[in-house]
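> need a 3D model of the following:
(chains A and B)
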Amino acid sequence: MTIDLFTQLLVNGLATGMVYVLIASGLILVLGVARIFNFAHGEFYMLGAYTTFGLCQVLKVNFFIAIISATLVVALFAAICYRLVFHHIRGNLLLCAAASMGLSMMFERGALIGFGTQERGLPSAFFGVMTIGNVAMPVEKMAVILLCVAIMLGLYYLLMKTKLGKAMRAVKLDTEVAALQGINTMRVYALAMAVGCSLAGLAGGIIAPLFSITPGMGHAMLLKCFMVLIVGGLESMLGGVVGGLVIGMTLSFGYYFLGGLSEILLFGIIGVILVFKPGGLFGEMVEEV
Amino acid sequence: MRRYSTKLRTKGVTLFIILGIIILLLPLLLKSPYQMHLIIMLCINIVLGMSFAMLFSTGLITIGAAAFWAIGAYASAVLVMNLNLSFWLALSLASIITGMIAFMLGSIIVRAPGVAFVVQTMVINMIVVQALGQMEFLGGWGGILDIPRPNPIGSIKFVSKTHYYYLILFLLLLTVVVFYALYSSRIGRAWRSIRLNPRLAQTLGINLFRYRLLAFIIASMSAGLVGSFYAHYFGTIEPNTFSVFKSIYIQIYGILGGLNFYLMGPTIGALMMTLVPEFLRVGKEIEPILTGGILILLVIFLPGGILSLPERMGSLATAFLSRIKRKESLH
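Just a heads-up that it's a prediction; the model follows:
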């Protein structure tokens, strides 16, 4: 294997892996703080992609402004969903899962009616090939990786350094004690939902030039994210990062060497992790629901 | 007080008998084959929902019921088509094979309760679907076609949907009887105690792992049983029928009906989720939107499930009455 090929596969794996990382960390945030197992998460990702597409293609907005406004739209949408649906059944994992499944059904069909079944795509915002030494890399993929890393650093800053992040971590540890300290837990739940889902929306915007946009894209991505969760564990963001990268790399390298069997390899890795670390690489054994 | 309860009981028995007669004579009432098909699928869904509820009675939430349904269906199809076994043998063998696979998988995953178990069952479901799609000798993504009908018993040749209806009704009844016997036995009490408080149950000498594994195996066996029926009833099976989203639907059957009712809950929930979309066929385009909306409204306003409606009405009425009384006493 030449160094050129290796770098290509590495960049590909990193790019897809970082997208998984973004979406999965949103899922982990919502699950950890707001206690919602969000089956509609993939639909927020789809919504972000469609909003970016609409802004870019129809209103001719700059790509970056489109991504940012798509993120805000998805965040607002998620907050509204939280207030209308999940607020009334907060704390009950099963009911929230059922309600989010209802939301997912509504959104997917809504997108199908609203946007049609045809596949859509955006022209790329970055062109050209970057050469370092004698290794060529597409600029587009590098841009995706850099953007995702920047967003994850921003998320780290939000969770670790700001007051809101501190409140979120407190609520995740113990809701009642957090409320006793004067934290408005309802607000924190809604904000966690908004931040978590807007991460999915952001990822949708970032991949809009790379992949085709269809109403069913959310489901496929959600299944990938569940795999990320099982590799990395449900507890920590670090687990989400490692899990996302492992899955992205496995798919990228596996697809080149094994073709269609790469999915089986992926499931093999997941099976080994299931046997030896049932809670995921970075998860502890999760307590009873 | 005592007389009142016996009166209620006789009422219940009469209702039960009337319902039973209606269910038995249903093929006479429904003329179109499509309606019969719906009812047969409903029975399959009820059994799947009950298998979810059985795991829930031990405090485990599964999103992998469809995987065992698939294993049962594929096992039965292979046994009949490649080994030329009779359907009736394959039906029981498929259930046993599913149970054995559940035993192997269960002894790995049952150890991690809570959300981890949810995700693990979901991933197992994805693995099963993916593996079935990749295996060429099982038909790949196209699935297995032309699965033969069940072998005739006497003059019953399984040509019309009515024959299938009575067969699935028998399987449903078998499941209900076995599950009911289990729930009312020592095992069922152990399961419920695990759900209420696992640590307390453990101190009382209940082996959490073994009892949960038993529930996992029995629930999977019932799913495999109807899987075998489904394969021979429908004639074709393909991996995508058994996707994770089917499992999520199965979970919704249990939640909608009421999670504290292990047998009636899935029945009512499956009835809702199977028949309501059919009534909404008028707006075929927006049917999932309406179904999703109804699901959300039910979850918000009846968190205990549809079967908790009488109780909730009762508590609302009591609250209303006490408010009136309070007002009267103020005057």
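
> for B:A112, give me phi and psi.
Backbone torsions of B:A112, given as degrees, to the nearest 10, read phi -100, psi 100.

> wait, a helix at B:K31?
No: B:K31 is assigned coil when assessed by DSSP: H, G, I helix; E, B strand; the rest coil, not a helix.

> as a whole number, average confidence for stretch B:258-267?
Mean pLDDT, computed over stretch B:258-267, is 88.

> go on, stretch A:225-234?
85.

> that one close to chain B?
Yes: counting by CB under 8 Å from any CB of the partner chain, contacts between stretch A:225-234 and chain B involve A:226-227, A:229-230, A:234. The way it works is simple: take the backbone N, C-alpha and C, and place the C-beta from them, glycine included.

> including secondary structure, could these go into JSON lines?
Below are the residues of stretch A:225-234 next to chain B laid out as JSON lines (three-state DSSP):
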{"residue": "A:F226", "secondary structure": "helix"}
{"residue": "A:M227", "secondary structure": "helix"}
{"residue": "A:L229", "secondary structure": "helix"}
{"residue": "A:I230", "secondary structure": "helix"}
{"residue": "A:L234", "secondary structure": "coil"}
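
> close to chain A: what parts of the stretch 151-300 of chain B are there?
Checking the stretch 151-300 of chain B against chain A by CB under 8 Å from any CB, the hits are B:198, B:244-245, B:248, B:251-252, B:255-256, B:259, B:285-289, B:291-296, B:299-300.

> where along the chain do the helices fall?
This is for chain A. A:3-33, A:41-53, A:63-84, A:93-115, A:139-161, A:163-173, A:175-180, A:185-207, A:217-232, A:237-258, A:262-276 (DSSP state H).

> try again with chain B
All helices of chain B, identified by DSSP H, fall at B:2-24, B:26-29, B:33-56, B:65-82, B:87-109, B:115-134, B:161-183, B:186-196, B:198-203, B:208-234, B:244-257, B:264-279, B:287-301, B:309-330.

> got the contact list for the residue lying closest to A:L55 once chain neighbours are set aside?
Sequence neighbours aside, A:A66 is the residue nearest to A:L55 in space, at 3.8 Å (criterion: CB to CB, 6 or more residues apart in numbering or on different chains). Contact analysis of A:A66 by CB atoms under 8 Å, 6 or more residues apart in numbering or on different chains lists A:51-52, A:55-56, A:205.

> same deal with A:M249?
By CB under 8 Å, 6+ apart, the residues touching A:M249 are A:10, A:13-14, A:17.

> okay if I get the helices of chain B as JSON lines plus mean neighbour count?
As requested, the helices of chain B are exported to JSON lines (neighbours: other CB atoms under 10 Å in any protein chain shown):
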{"stretch": "helix B:2-24", "mean neighbour count": "10"}
{"stretch": "helix B:26-29", "mean neighbour count": "12"}
{"stretch": "helix B:33-56", "mean neighbour count": "22"}
{"stretch": "helix B:65-82", "mean neighbour count": "26"}
{"stretch": "helix B:87-109", "mean neighbour count": "20"}
{"stretch": "helix B:115-134", "mean neighbour count": "23"}
{"stretch": "helix B:161-183", "mean neighbour count": "17"}
{"stretch": "helix B:186-196", "mean neighbour count": "17"}
{"stretch": "helix B:198-203", "mean neighbour count": "14"}
{"stretch": "helix B:208-234", "mean neighbour count": "24"}
{"stretch": "helix B:244-257", "mean neighbour count": "25"}
{"stretch": "helix B:264-279", "mean neighbour count": "20"}
{"stretch": "helix B:287-301", "mean neighbour count": "19"}
{"stretch": "helix B:309-330", "mean neighbour count": "10"}
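
> what's the closest of the ones you listed to A:G116?
helix B:287-301 (16.0 Å; CB to CB).

> so where is the chain shaky, pLDDT-wise?
Answering for chain A, as no chain was given. Scanning chain A for pLDDT under 70 picks out the ranges A:1, A:283-289.

> please go with chain B instead
When residues are selected by pLDDT under 70, those of chain B lie in B:1-8, B:282-283, B:330-331.

> center of it - which residue?
B:G49 (1.8 Å; CA atoms, centre = their mean).

> pretty sure it sits against B:L256.
No: with contact defined as CB atoms under 8 Å, B:G49 does not count as touching B:L256 (9.1 Å).

> so which of the contacts of A:M249 wins on neighbours?
A:G17 (25 neighbours; other CB atoms under 10 Å in any protein chain shown).

> wait, doesn't it sit right on A:L245?
Yes: proximity of A:G17 to A:L245 meets the contact threshold set by CB under 8 Å, at 4.3 Å.

> now for these two: what residues contact both?
Common contact partners of A:G17 and A:L245 (CB under 8 Å, 6+ apart): none.

> about what we covered before: any of the contacts of A:A66 buried? List them.
A:51-52, A:55-56, A:205 (16 or more other CB atoms under 10 Å in any protein chain shown).

> go through those and name the one nearest chain B.
Checking the buried ones among the contacts of A:A66 against chain B by CB to the nearest CB gives A:T51 as the nearest, at 19.5 Å.

> give the closest residue to that closest one in space, chain neighbours not counted.
A:A70 is the one closest to A:T51 (CB to CB, 6+ apart), at 3.8 Å.

> so how far is B:A65 from that neighbour?
For A:A70, the distance to B:A65 equals 36 Å [CB to CB, to the nearest Å].

> what's the answer for A:G54, then?
Relative to B:A65, A:G54 is positioned 39 Å away (CB to CB).

> contacting residues around A:T185?
For A:T185, the contacting residues are A:171, A:175, A:178-179, by CB under 8 Å, 6+ apart.

> buried subset of those as a PyMOL selection?
Filtering those down to the buried ones (16+ other CB under 10 Å) takes a single PyMOL command:
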select buried, chain A and resi 171+175+178
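
> now render the contacts of A:T185 as a markdown table, adding distance to B:K157.
Formatted as a markdown table, the contacts of A:T185 follow (distance: CB to CB, whole Å):
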| residue | distance to B:K157 |
| --- | --- |
| A:V171 | 63 |
| A:T175 | 61 |
| A:A178 | 67 |
| A:A179 | 67 |
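
> biggest separation within the contacts of A:T185, which pair?
Farthest-apart pair in those is A:V171 and A:A179; separation 8.3 Å (CB to CB).

> find the nearest non-adjacent residue to the closest residue to chain A within the stretch 101-250 of chain B, please.
Nearest residue of the stretch 101-250 of chain B to chain A, counting by CB to the nearest CB: B:A112, 3.7 Å away. Among residues not flanking B:A112 along the chain, A:P278 sits closest, at 3.7 Å (CB to CB, 6+ apart).

> okay, now the one you found: neighbour count?
Using other CB under 10 Å, A:P278 has 21 neighbouring residues.

> quick one: terminal-to-terminal distance for stretch A:164-184?
Counting by CA to CA, to the nearest Å, you get 10 Å between the two ends of stretch A:164-184.

> so what touches that stretch?
Applying CB under 8 Å, 6+ apart, the contact partners of stretch A:164-184 are A:29, A:32-33, A:91, A:157-159, A:185, A:188-189, A:191-192.

> and it, which residues are buried?
Residues of stretch A:164-184 classed as buried under the neighbour-count rule (16+ other CB under 10 Å) are A:164-165, A:167-168, A:170-172, A:175, A:178, A:183.

> A:E263: which of the residues you listed is nearest?
For those, the nearest to A:E263 is A:K172 (32.8 Å; CB to CB).

> how much space between the closest one and chain B?
Per CB to the nearest CB, to the nearest Å, A:K172 is found 13 Å from chain B.

> likewise A:G114?
To chain B, A:G114 is 11 Å away according to CB to the nearest CB.

> residues near that residue, how many?
Residues within reach of A:G114, counting by other CB under 10 Å, total 10.

> now A:G91
By other CB under 10 Å, the residues close to A:G91 number 12.

> contacting residues for it?
Counting by CB under 8 Å, 6+ apart, the residues that A:G91 touches are A:35, A:175.
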